[in-house]
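J.: pasting the sequence and the predicted model now:
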Amino acid sequence: MESRQDYVLWFEECDLQSIPLVGGKNASLGELLKAGIPVPPGYAVSTKAYSLFLEQGKIKKKIFDALKSVTTDDVASGEKASKKIRAIIENTSMGYELQDYIGEFYRRLSKKSNVPAVPVAVRSSATAEDLPGASFAGQQDTFLWIRGVDDIFKHVKKCWSSLFTSRAIYYRTKMGFDHEQVEISVGIQKMANAWTAGVMFTLNPATGDSSAIAIDANWGFGESVVSGECTPDNFIINKITDEIIKKTVSHKTILYTRDPETHSVIKQDVPEERTDTQCVVDKDAIELARIGKQIEKHYGKAMDIEWAIDKDTPGKAKIMILQSRPETVWSDKKVEPVMKVRSSALAHICAGLVAGKKVN
Amino acid sequence: MADNNFPSPHEIETIPGTEGWERMYPYHYLFTTKDKERKEYEENAFWFNDALHYPEPMYPFDMIWDEAWFLSLSQFNTRIFMIPPALGIDHRIINGNVYITPVPVTDPNEVENRIPLFMERAGYYYENWDKLHDQWEGKMKGIISDLDSLEIGPLPEMEDISIVKNGLGTSSGYELLKNYDKLIDLGIRCWQYHFEFLNLGYASYVTFVDFCTKAFPDIPLQKITQMVAGIDVIIYKPDDELKKLAKLAIELGIDSQLGDDSKDVEDVIKEFKGSENGKKWVEAWDGAKYPWFYISTGTGWYHQDVSWNDNLNIPLSAIRIYVEKLNEGKSIDRPVEDIKAKRKKLISEYRNLLKTDEDKQTFDQLHGTSELVFPYVENHLFYVEHWFHSIFWNKMRNVGSIMAEHKFIKDTEDIWYLSRSEIKEALWDLVTSWATGTKGYGPLHWPEEIEWRKGVYQKFKENRPVPAVGTPPEVIAEPFTIVLWGITNDSMAAWAKLKEIGDPDKVNEMEGFAGSPGIVEGIARVCRSVEDVTQLKEGEILVAPTTSPSWAPAFQKIKAVVTDVGGIMCHAAIVCREYGMPAVVGTGQGTAIIKSGMKIKVNGDTGKINIER
């Protein structure tokens, strides 16, 4: 007997064991949550849901028949099949059972987020690393600011159909992978509606000091910080004591936000009363740094992190981690000892005295 | 350095009405243009006002400690430990304020030659630290006991018959001269010992700081200090004694009899002596006095810095604060376990962040040595500046009262307007006229001179000294200059800026050293001396010239501290770090600019203070 958990799973229910069911991306979100790292809430539509869709829609045969004519010699044959298959998938209705599961979770996610028809990101999450062809699908398709169940269904199907891009088909054919073995999961995640956002390094990028965490922040979405379009507020936080050791509140002139009508991201002037106001309160900056430390610990290396403080959660600020990748500038440098090795403290003291201290 | 311009030492003008001030101080402290070579040396050196030790102009007698450390610090660098690149610290005086400059070894060959000598000599001290340090404590206790037993008594009309019957062959006049010399000698000797370990202690600490700031460019100096600071050091003892006495009073059920600050200590003790439990408490109180109440209410550097033993109402008032806290059910104990745990965490986590095994080895070497030497750096203050000085000033008052009795000066406290050699001369005048049975010349000369000196001193006090004169250097090697005075490009720039501020009522931002982290806003309370502490209200921000262990109880009431004088290692910074409250120290002008009742914001992370006007 199949149960709900075979088809839809909250990120909290995903972990590395569930990769075959929810794919790498969803599983890693689950792992981050388990490590105490707050990511925007959401859920996975499993590979079984994809299989059920193919079965209930009775389209399996049609799809695999269309693939029979594909050869690696003829690029056009792959493109033709891709077009045909993607149209089949996107035009087939989901069964009621699947619609119920996915729709119900979407309603619960909206409720949890305190936003009616909460905007979400819908993205594919490839299952197995040993099927590299599958990863082609996963990388391409991310749909942002999707709202309402009908649009969710539509974009879930778009993710499913991304298994059959001409590139993916070509690759699998060339490598001799079985098209029928490839599966795909989809992640549906709340869009962070950033009140304030930015980047965080688990070392000070200006000095390379690994005992510091550096945070850059501006009002609105993180784009303005990532692109370098504004001078952000800057915090340097001591990693060991969680104290802010340096803080620079900058004059912030532009921000990115969401147009409530078109749901697209737009650039705006920062309202005058907020241009010189600190955009992350000290308490949140310290909490952010604490999360940064956890991420660094989770990955075992210095990280470069995108974060946001969500404005949908009323009362208290809700910190969300959007992306994290290894820091490369300082981490890739050759490690040299800070001081020449010497036989005793006295030898160091003597050398230090002789060198003196530059005062300018 | 181009934007930090300081005047030439020879350009500073005499304050009108103080002409002739030079005779109040040792002649060799004066800047001069008479000799070309000396003039050039003075112009090319960087002289900064030692506001750390002397927030006020110098009294002629109080120069004794300046001369004492001039000699002692310098000799250990130059002649004893042979610090390779650093000689002593030279001293001058302008308008009553002391200016000092570190003297480098300029010849690179000479630096090289000094290295093996330093390694041998300093090495011996580092290797035998504990043994030598025990020996040091013995020497200090010895001279304090000598000081304590030194009799400076009045001159009798007729010598006692015992002088005859014992065949002593000397008079009280001679004894006075001899004991005055001995008193001065003990003072100078005490300051010889003062630097026996201090130079090496600082050198070790500076090297550890250097390593930490290279490995962790963003590490706050506070954190480095926390990694080496002693936990069970003497500086906390006097305060611990008060806490014990507060607890004992409650335990014995006599705490209500302590009364409030309107009740004098003598009345309290008298009342206590009437009951068994009271007697027990008085016994403990008397036991704590020696030596723990020899704690100065100031830095101990000035004669006016009285100790608890000079005014027992001060420790009593502190005990009342502790009793009140205890009766409110609050803890008054230092969170020692917590401090230890935090310290351990800092050490191990910074160490773990080091990327190579080589670095970990260096860290262990330097941290180990700093940890070994640091308790001395903290403890010597109690022995010298507090215990010894407190007794010393009172012995000098005995000399003063003899001089006043013979009308050489109007009041005992006038003695501070004479230099120690002038006193010696005056004592000769006094004892010879006493011996001869004539009138001395002193009463015709000194009272008038002292009146004039008082006027000069007052003018000195009203004048704000220039922070520095001469030519700033590019490199400083002298360990004291770095640690104690924090001479850096930043501090020199800050001084240059301070120079430009004319009107203190227009200042709304000040800067000092970030002594203890945290940011707090609140109402300022300016306490110029420890007696003012009783005015403090719960949750105010203490603004003081400086603090010492005798101020400790004040820290129970406040939420931040601002001081005029002091670096990262000063009392206020150390205590605030323990209590986890912000401190900005060494602001230079805090008590001059901030007034009680003002709303201020103290940022212990950056060292900035904002004044709301």
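T.: Sure thing, it's come through.
J.: span of stretch B:86-105 from start to end?
T.: Distance across stretch B:86-105, first residue to last, is 5 Å (CA to CA, to the nearest Å).
J.: how about it against chain A, any contact?
T.: Yes: shown here: stretch B:86-105 in contact with chain A (CB under 8 Å from any CB of the partner chain) through B:A86, B:P104. Where you see a C-beta, it was placed from the backbone N, CA and C, and this is true even at glycine.
J.: residues of that stretch that come out buried?
T.: Of the residues in stretch B:86-105, those buried under the neighbour-count criterion (16 or more other CB atoms under 10 Å in any protein chain shown) are B:86-105.
J.: where does the stretch 201-350 of chain A dip in pLDDT?
T.: A:313-317 (pLDDT under 70).
J.: now the helices for it?
T.: Per DSSP state H, counting those that start in this stretch, the stretch 201-350 of chain A has helices spanning A:223-226, A:282-299, A:345-355. These are given in chain order.
J.: minimum distance to chain B: which of these has it?
T.: Smallest distance to chain B across the helices of the stretch 201-350 of chain A (CB to the nearest CB): 3.9 Å, for helix A:345-355.
J.: kindly export that closest one (C-alpha atoms) in PDB.
T.: Output for helix A:345-355, consisting of C-alpha atoms alone and laid out as PDB, is shown next (Å, rounded to 0.1, in the frame of the first residue of the first chain):
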ATOM      1  CA  ALA A 345      59.800  31.600  22.900                       C
ATOM      2  CA  LEU A 346      62.900  33.700  23.700                       C
ATOM      3  CA  ALA A 347      64.200  33.300  20.100                       C
ATOM      4  CA  HIS A 348      60.800  34.700  18.900                       C
ATOM      5  CA  ILE A 349      60.900  37.500  21.500                       C
ATOM      6  CA  CYS A 350      64.400  38.500  20.400                       C
ATOM      7  CA  ALA A 351      63.500  38.400  16.700                       C
ATOM      8  CA  GLY A 352      60.300  40.400  17.400                       C
ATOM      9  CA  LEU A 353      62.200  43.000  19.300                       C
ATOM     10  CA  VAL A 354      64.800  43.400  16.600                       C
ATOM     11  CA  ALA A 355      62.200  43.800  13.900                       C
END
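J.: and that helix, anywhere near chain B?
T.: Yes: applying CB under 8 Å from any CB, one finds that helix A:345-355 is in contact with chain B at A:A345, A:L346, A:A347, A:H348, A:I349, A:C350, A:G352, A:L353, A:V354, A:A355.
J.: just checking, B:L87 is part of a helix?
T.: No: counting by DSSP: H, G, I helix; E, B strand; the rest coil, B:L87 is located in no helix; its state is strand.
J.: pLDDT wise, what is it at?
T.: The score at B:L87 is 92. That number is its pLDDT.
J.: contacting residues around it?
T.: Each residue near B:L87 by CB atoms under 8 Å, 6 or more residues apart in numbering or on different chains is listed here: B:S74, B:N77, B:T78, B:P102, B:V103, B:P104, B:V105.
J.: state the distance from it to chain A.
T.: 12 Å (CB to the nearest CB, to the nearest Å).
J.: could you do B:N109 as well?
T.: Relative to chain A, and taking CB to the nearest CB, B:N109 is found at 13 Å.
J.: before we move on, what about B:A468?
T.: With distances defined as CB to the nearest CB, the gap from B:A468 to chain A amounts to 12 Å.
J.: try B:Q222
T.: With distances taken as CB to the nearest CB, B:Q222 is found 9 Å from chain A.
J.: next, give phi and psi for B:N463.
T.: For B:N463, the backbone dihedrals are phi -100, psi 130 (criterion: degrees, to the nearest 10).
J.: what's the burial count for the residue nearest to it when sequence neighbours are not counted?
T.: With sequence-adjacent residues excluded and distances taken as CB to CB, 6 or more residues apart in numbering or on different chains, B:N463 is closest to B:I15, at 5.4 Å. Other residues lying near B:I15 total 15 when counted by other CB atoms under 10 Å in any protein chain shown.
J.: now do A:E327
T.: A total of 20 residues lie near A:E327 under the criterion other CB under 10 Å.
J.: what sits against it?
T.: Neighbour list for A:E327: A:F201, A:T202, A:L203, A:P205, A:K301, A:A302, A:M303, A:D304 [criterion: CB under 8 Å, 6+ apart].
J.: A:I237 too?
T.: Neighbour list for A:I237: A:A212, A:I213, A:A214, A:I215, A:E243, A:I244, A:I245, A:A285, A:I286, A:A289 [criterion: CB under 8 Å, 6+ apart].
J.: which ones among these also lie next to chain B?
T.: Filtering the contacts of A:I237 for proximity to chain B (criterion: CB under 8 Å from any CB) leaves A:A212, A:E243, A:I244, A:I245.
J.: quick check: the last one touching B:L221?
T.: What it means is A:I245. No: look at A:I245 against B:L221 with CB atoms under 8 Å: they stay out of range, at 10.7 Å.
J.: secondary structure class for A:R123?
T.: Look at A:R123: counting by three-state DSSP, its state is strand.
J.: show me the beta-bridge partners of it.
T.: Partner residues in beta bridges with A:R123, using DSSP bridges, are A:T142, A:G187.
J.: so what's it up against?
T.: Counted by CB under 8 Å, 6+ apart, A:R123 has contacts A:K25, A:G138, A:D141, A:T142, A:F143, A:C159, A:V186, A:G187, A:Q189.
J.: just B:A229 next, same as before
T.: Under the criterion of CB under 8 Å, 6+ apart, the contact partners of B:A229 comprise B:R343, B:F374, B:E378, B:I574.
J.: tell me the two of those that are most distant?
T.: Taking CB to CB as the measure, the contacts of B:A229 reach their widest spread between B:R343 and B:E378, a distance of 14.1 Å.
J.: comparing A:I245 and B:L221, which residue is more hemmed in?
T.: Here A:I245 and B:L221 are set side by side on neighbour count (other CB under 10 Å), and the busier one is A:I245, at 22 against 19.
J.: one step back: of the ones next to chain B among the contacts of A:I237 - the most surrounded one?
T.: Ranked by neighbour count under the definition other CB under 10 Å, the ones next to chain B among the contacts of A:I237 are headed by A:A212 with 27 neighbours.
J.: all good on my end, thank you.
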